[in-house]
Structure formats: C-alpha cells, structure tokens
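*Asks:* Here is my input; please provide its structure:
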Amino acid sequence: MKAPAYCPDCATPLAAITLAEDGGDKTRLRCPACGWTHWNNPTPVLAAVIECTDRDGQVLLARNAAWPGKFFGLITGFMEAGESPEDGIRREIAEETSLQVDALNLLGVWDFQRMNQIIIAYHAQARGDIKLSPELAEYKLIAPEDVRCWPQGTGQALATWMRSKGIEPQWLDLSGMKRE
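*Replies:* I've put the predicted structure just below:
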C-alpha cells in the first residue's frame with residue numbers, strides 16, 4: 001500500500017519527522033501542522049491450507065482473478081472488525097469456495113514485509129461442493145505430496161503444513177515471475 005502524501009485530518013503535506021517514541025527516536029511520516037502520524041503498521045491477513053476431507057485429503061489451491069499469469073495460492077482474506085482470526089478464515093473459506101470447515105488449526109504467523117502484512121495461517125479440514133466467488137478465477141485440487149511451495153508469504157505456511165504431514169516441501173522457482 002502506498003503511503004499517504006497528505007494528512008487525512010487537515011490536508012497538509014506529510015513530512016518525514018523524527019520524534020522520541022517509547023523505543024527511542026523514530027522517523028515517520030507526520031503532519032507538521034496538526035501532528036497526525038502515519039504509523040504504517042502491517043495489515044493482518046488470514047490464510048488457509050485447505051485439506052478437502054471428502055476428496056482424499058487433496059489440497060485446494062486457487063487463482064485470484066486479479067493475479068497476472070497462472071499462479072495458484074492459498075485462500076486468503078482480511079479480518080473484519082469484531083471477528084476473531086478463526087471466525088475470519090472460516091468466513092473467507094465459505095465466501096470464496098462455499099466449503100464447510102470441520103476443523104481448524106493454527107499453523108503459525110509470518111511477516112510478509114514486501115506487502116507490509118502479517119500472515120496468520122491455518123490448516124482447515126473442509127468438505128462440500130466447491131463454488132468459487134467472482135474473486136477467484138479457478139482452482140486446483142492437488143495431492144499433498146505433489147504440492148509445490150513458493151518462497152514468500154503464504155508459501156511458508158504451506159511448507160509448515162507439509163512438514164507436519166511428514167512431507168518434505170518441494171519449492172517452485174519464481175525467479176522468472178513478474179511482480180506487479
């Protein structure tokens with residue numbers, strides 16, 4: 001996300017201003033007129049490794065309609081105000097795939113600095129008829145031993161889940177992929 005150029009309170013151009021904070025001096029974008037601060041805190045993102053229990057434990061990967069190319073990834077989404085991460089990922093799975101979640105276990109939390117996000121990832125055991133939301137273009141069901149992980153973001157969560165199943169992750173080479 002691009003940092004704001006102007007103060008949302010008074011419309012003054014923001015400036016890099018150093019002030020003393022709890023941990024010492026910190027330079028942040030601040031408003032020189034009213035003191036508003038752009039904290040630039042990471043955004044929590046929820047992710048799920050979905051194991052389809054009614055499809056021989058295959059893993060569901062999906063391609064976002066907005067993504068260029070043919071990259072397939074985990075189901076992800078943002079938390080809504082007032083919901084827990086667990087409720088949020090259950091909602092995202094239902095909204096994006098129409099699957100019913102039977103069990104949910106936290107895999108871990110990873111920082112994704114390139115996107116200024118914190119990824120909270122779960123293993124979801126789910127079942128039902130897959131019906132994609134318009135947000136997703138297509139999906140694949142893949143046997144766990146055939147899944148290939150990616151080095152950034154949610155790929156680390158997928159690798160963690162695979163190791164928990166006794167499968168050593170194989171990694172995609174994304175060096176030639178264009179980033180938007």
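*Asks:* tell me the secondary structure for Glu145?
*Replies:* Judged by DSSP: H, G, I helix; E, B strand; the rest coil, the three-state class of Glu145 is helix.
*Asks:* Am I right that it is in contact with Glu168?
*Replies:* No - counting by Cβ atoms under 8 Å, Glu145 does not reach Glu168; the two are 9.7 Å apart. For the C-beta atoms, the positions are set from N, CA and C on the backbone; glycine is no exception.
*Asks:* Looking at the two now, which is surrounded by more residues?
*Replies:* Shown here are Glu145 and Glu168; by other Cβ atoms under 10 Å, Glu145 has more neighbours (11 against 8).
*Asks:* how near is Thr154 to Phe72?
*Replies:* Going from Thr154 to Phe72 by Cβ to Cβ, to the nearest Å gives 11 Å.
*Asks:* of those two, who's got more company?
*Replies:* It is Thr154, of Thr154 and Phe72, that has more neighbours when counted by other Cβ under 10 Å, with 23 against 20.
*Asks:* shouldn't that one be in contact with Ala48?
*Replies:* No - between Thr154 and Ala48 there is no contact under Cβ under 8 Å: 9.0 Å.
*Asks:* between these two, what contacts are shared?
*Replies:* Common contact partners of Thr154 and Ala48 (Cβ atoms under 8 Å, 6 or more residues apart in numbering): 74, 76, 121.
*Asks:* helix/strand/coil for the last one?
*Replies:* Local secondary structure at Ala121 is given as strand here, using three-state DSSP.
*Asks:* How about the one 3 residues further on?
*Replies:* Of the three states, Ala124 takes strand according to three-state DSSP.
*Asks:* Tell me which stretches of the protein form helices.
*Replies:* Ranges of helices within the chain are 85-97, 155-164, based on DSSP state H.
*Asks:* Can you tell me what sits against the longest one?
*Replies:* Outside of helix 85-97, the residues that reach it under the criterion Cβ under 8 Å, 6+ apart are 44, 46-48, 50, 60, 62, 75-80, 83, 99-101, 104, 120, 122, 124, 126, 130-133, 135-136, 139.
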